[in-house]
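1. Have a look; sequence and predicted model below, questions after that.
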Amino acid sequence: MPRGQKSKLRAREKRRQARQAQAKTQTQGLEGAQATAAEKGEFSFSAHLFLEGNPLNEVATEVLSTSQEIPSSTSANIGADSGTDSNEGASKQDEESSKALESFRKDPLNKKVVLLVQFMLKKYQSKEPITKADMLKLVIKKYKLHFNEILRRASEHMELAFGIDVKEVDPTRHSYALVSKLDLTLDGMTNEENLPKTGLLMIVLGVIFMKGNCAPEEAIWEVMNMMGVYADKKHLIYGEPKKVITEDLVQLRYLEYRQVPGSDPPRYELLWGPRAHAETSKMRVLEFLAKIYDTVPSAFPVWYEEALRDEEERALARAAARARIAMTAHSRGMAISSSHNK
Amino acid sequence: MQGSSRRTGTMTDVHRRFLQLLMTHGVLEEWEVKRLQKHCYKVHDSNAPVEKLEDFIHNINSVLESLYIEIKKGVSEDDGRPIYALVNLATTAVSKMASDFAENELDLFRKALELIIDSETGFASSTNILNVVDQLKGKKMRKKEAEQVLQKFVQNKWLIEKEGEFTLHTRAILEMEQHIRETYPDAVKICNICHGLLIQGQSCETCGIRMHLPCVAKYFQSNSEPRCPNCNDYWPHEIPEVFDPEKETGAALSKPNRKSLRPRPH
């Protein structure tokens, strides 16, 4: 969204203030992130909303720099009192783990790791992919050289604590998608609103796949109409199908909706979006379709072959990305540890 | 399994699924949280004994501690029902709201927040909120639009609406308490009993101290002559009942789980 004059001026002011503040304090991480974040749409709202009195900055940096206990409030802070532990062995381990926590917090890189994890969680909930550029600009900033290490640690936390994988979706443009390792379709409790869209989405992805990975909008509606779903009629489960397909799912990056070049009157076509590529595969979509037709993927030999090829490519890309990250992290890790030992 | 799970930092897929689902829902009531926990056990490990909720959450929080994230338990101000939310401690509430709303929408929230904090009852009327619409930062917003944005806040559990008036949702209080206390130190009200942020509550007409409704309920429980803890004057308000989870949720939960309940009148 284009930004107005006032917003830009405010952002510039924030940056200047933040730069001055940066020179003063050691714990620059958070402020820096908030200030430059003012350049990018996302965090700027937080800057306007809450940085004006500056207390947020101080509170936040204070929280991150000391290992103070967060003051408790009306909420009964579960977990704050480890005194309820009757197990002696556990209290010793509590000591050890609080020591580990302190040393974790003191490492300056880990402050960035914390911010990156929170950034990723936000993106996970809004189902947007992340780019390296975004991460550098909004979170990592002056620790640019340590990007791979910070990313590696953050990915580890995401995996261990949340069971969310950070997958590199596009190695050339360095974009990543966040995918749950856990099969959330097993939860009848998932946000009821999203479930119907999943079924609809799979069908649309299937049609696109079958039409050679790019389908004219008319083709989609042909199939939908056969299922009793119409563009101009409100659907009991899917709500407003046209909006879901051409707006909601596009916004969530599952689909790409574009005008057929040179078409007049304008016609539109649909393709898989980056998130669809990251979260599912041609094989999975084919399996879904096969189930609908009560058969197996291999019953569609041409598409089956294409799906197989796609699986192979993905496996290779994953292995390459992992090797790349591991190698650079390793070499960086060596460099850091040797410089720290001095 | 029991022994190892008491040690801090042991997370299994049961905990991870719980965390992901809690994150998706944003905020859950206690009975929903218990049901969610049981569901996660069932999906992964149906034979393992279900850990006590407090320990279960403590386990998760110990892993999240280094990330400045926490599953926080709060109590709703109107009827004392316990709720749980995943709270981001380092950058406070903002991060959650900032990505979902436009600049003028966030400013509307902030204006509503200020009106709520300044109000005597903890509620801001929709009229008063809509009157400040032309002072908002960012793109110009019409009153009709603002009404819809307020509804969006309600749907996303940042505000609660009651008869045309708005107050903070418990989730907002959980997430933003620290920030609110820092930003509006003179205007905020504090509960005399629990010393937490107070938006809705009762106040003593003589000395002016305030208490949350659930705090009043607990403090004056089975006290036939309630008196102000500060000035000892007769407490002039109706004493609410202490929240009883059995009464509320017995009906809501599916029957197979509640065989142990007394038979209920139909």
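-> Nice, thanks for sending it over.

2. would you put the C-alpha positions of stretch A:281-298 in CSV?
-> Extracted as CSV, the C-alpha positions of stretch A:281-298 are listed here (Å, rounded to 0.1, in the frame of the first residue of the first chain):
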residue,chain,number,x,y,z
SER,A,281,2.9,-30.8,-3.9
LYS,A,282,1.7,-32.0,-7.3
MET,A,283,1.7,-35.5,-5.9
ARG,A,284,-0.5,-34.6,-2.9
VAL,A,285,-2.9,-32.8,-5.1
LEU,A,286,-3.1,-35.7,-7.5
GLU,A,287,-3.7,-38.0,-4.5
PHE,A,288,-6.5,-35.8,-3.5
LEU,A,289,-8.1,-35.8,-6.9
ALA,A,290,-7.6,-39.6,-7.2
LYS,A,291,-9.5,-40.0,-4.0
ILE,A,292,-12.4,-37.9,-5.3
TYR,A,293,-12.6,-40.2,-8.4
ASP,A,294,-12.2,-43.2,-6.2
THR,A,295,-9.0,-44.3,-7.9
VAL,A,296,-5.2,-44.0,-7.6
PRO,A,297,-2.8,-41.4,-8.8
SER,A,298,-1.2,-43.8,-11.3
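
3. can you pull the buried residues of it?
-> Within stretch A:281-298, the residues scored as buried using 16 or more other Cβ atoms under 10 Å in any protein chain shown are A:281, A:282, A:283, A:285, A:286, A:288, A:289, A:290, A:297. The C-beta positions use only the backbone N, C-alpha and C, and glycine is treated the same way.

4. So for those residues, which is the shakiest by pLDDT?
-> For the buried residues of stretch A:281-298, the weakest pLDDT value sits at residue A:288, with 77.

5. mind listing what it touches?
-> A:202, A:203, A:206 (Cβ atoms under 8 Å, 6 or more residues apart in numbering or on different chains).

6. and of the residues you listed, the nearest to chain B?
-> residue A:202 (19.7 Å; Cβ to the nearest Cβ).

7. residues contacting the closest one?
-> Counting by Cβ under 8 Å, 6+ apart, residue A:202 touches A:280, A:285, A:288, A:289.

8. So which of those residues sit within helices?
-> Using DSSP state H, A:285, A:288, A:289 are the members of the contacts of residue A:202 that sit in helices.

9. Please report the distance of the last one from residue B:37.
-> Read that as residue A:289. Using Cβ to Cβ, to the nearest Å, residue A:289 is found at 36 Å from residue B:37.

10. returning to that earlier point: could you point out which of the contacts of residue A:288 is nearest to residue B:167?
-> residue A:202 (41.5 Å; Cβ to Cβ).

11. The closest one sits in which helix or strand?
-> helix A:194-210 (DSSP states H and E).

12. number of nearby residues for the closest residue to chain A within the stretch 151-266 of chain B?
-> Going by Cβ to the nearest Cβ, chain A is nearest to residue B:196 of the stretch 151-266 of chain B, at 2.8 Å. By other Cβ atoms under 10 Å in any protein chain shown, 19 other residues sit near residue B:196.

13. How about residue B:159?
-> Other residues within reach of residue B:159, judged by other Cβ under 10 Å, total 23.

14. Just give the closest residue to it, not the sequence neighbours.
-> Once flanking residues are discounted, residue B:159 sits nearest to residue B:153: 4.3 Å by Cβ to Cβ, 6 or more residues apart in numbering or on different chains.

15. and the longest helix for chain A?
-> helix A:301-340.

16. So for that helix, mean pLDDT?
-> Per-residue pLDDT over helix A:301-340 has a mean of 77.

17. what's the angle between that helix and helix A:194-210?
-> If you take axes from the mean of the first three to the mean of the last three Cα atoms, to 10 degrees, helix A:301-340 sits at 110 degrees to helix A:194-210.

18. Which pLDDT value goes with the closest residue to residue B:84 other than its chain neighbours?
-> Nearest non-adjacent residue to residue B:84, counting by Cβ to Cβ, 6+ apart: residue B:33, 5.0 Å away. Residue B:33 carries a pLDDT value of 89.

19. Which elements pack onto the host helix or strand of residue B:33?
-> Per DSSP H and E: residue B:33 is located in helix B:30-44. Using 3 or more Cβ pairs under 8 Å, 6 or more residues apart in numbering or on different chains; DSSP states H and E, the elements in contact with helix B:30-44 are helix B:13-25, helix B:53-64, strand B:82-88, helix B:245-252.

20. need the ones you listed in a markdown table with mean neighbour count and mean pLDDT, can you?
-> Formatted as a markdown table, these follow (neighbours: other Cβ atoms under 10 Å in any protein chain shown; pLDDT from 0 to 100):
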| stretch | mean neighbour count | mean pLDDT |
| --- | --- | --- |
| helix B:13-25 | 21 | 88 |
| helix B:53-64 | 20 | 92 |
| strand B:82-88 | 22 | 88 |
| helix B:245-252 | 12 | 54 |
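
21. any chance of the ones you listed in a markdown table, with distance to residue B:210 too?
-> Formatted as a markdown table, the helices and strands packed on helix B:30-44 follow (distance: least, Cβ to Cβ, whole Å):
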| stretch | distance to residue B:210 |
| --- | --- |
| helix B:13-25 | 31 |
| helix B:53-64 | 29 |
| strand B:82-88 | 21 |
| helix B:245-252 | 26 |
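
22. Among these, which comes closest to residue A:173?
-> Among these, helix B:13-25 comes nearest to residue A:173, with 27.1 Å by Cβ to Cβ.

23. so what secondary structure elements neighbour the closest one?
-> helix A:108-125, helix B:30-44, helix B:53-64, strand B:82-88.

24. Could you rerun that using 7 Å?
-> helix B:30-44, helix B:53-64, strand B:82-88 (3 or more Cβ pairs under 7 Å, 6 or more residues apart in numbering or on different chains; DSSP states H and E).

25. Just send those back as CSV, with distance to residue A:211 too.
-> Output for the helices and strands packed on helix B:13-25, formatted as CSV (distance: least, Cβ to Cβ, whole Å):
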stretch, distance to residue A:211
helix B:30-44, 36
helix B:53-64, 45
strand B:82-88, 41
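
26. rewinding a little: looking at it, the residue nearest to residue B:159 is touching residue B:109, isn't it?
-> Yes. Residue B:153 lies in contact with residue B:109 (Cβ atoms under 7 Å); the separation is 6.2 Å.

27. So for the two, which residues contact both of them?
-> Listed as contacting both residue B:153 and residue B:109 by Cβ atoms under 7 Å, 6 or more residues apart in numbering or on different chains is no residue at all.

28. per-residue pLDDT, the most centrally placed residue in chain B?
-> The centroid of chain B falls nearest to residue B:170 when counting by Cα atoms, centre = their mean (2.5 Å). At residue B:170, the pLDDT value in this model is 90.

29. Who are the contact partners of it?
-> B:74, B:76, B:77, B:83.

30. switch to 6 Å and redo it
-> Neighbour list for residue B:170: B:74, B:76, B:83 [criterion: Cβ atoms under 6 Å, 6 or more residues apart in numbering or on different chains].

31. My reading is that the first one lies in a helix. Confirm?
-> No. Checked against DSSP: H, G, I helix; E, B strand; the rest coil, residue B:74 lies outside a helix; its state is strand.
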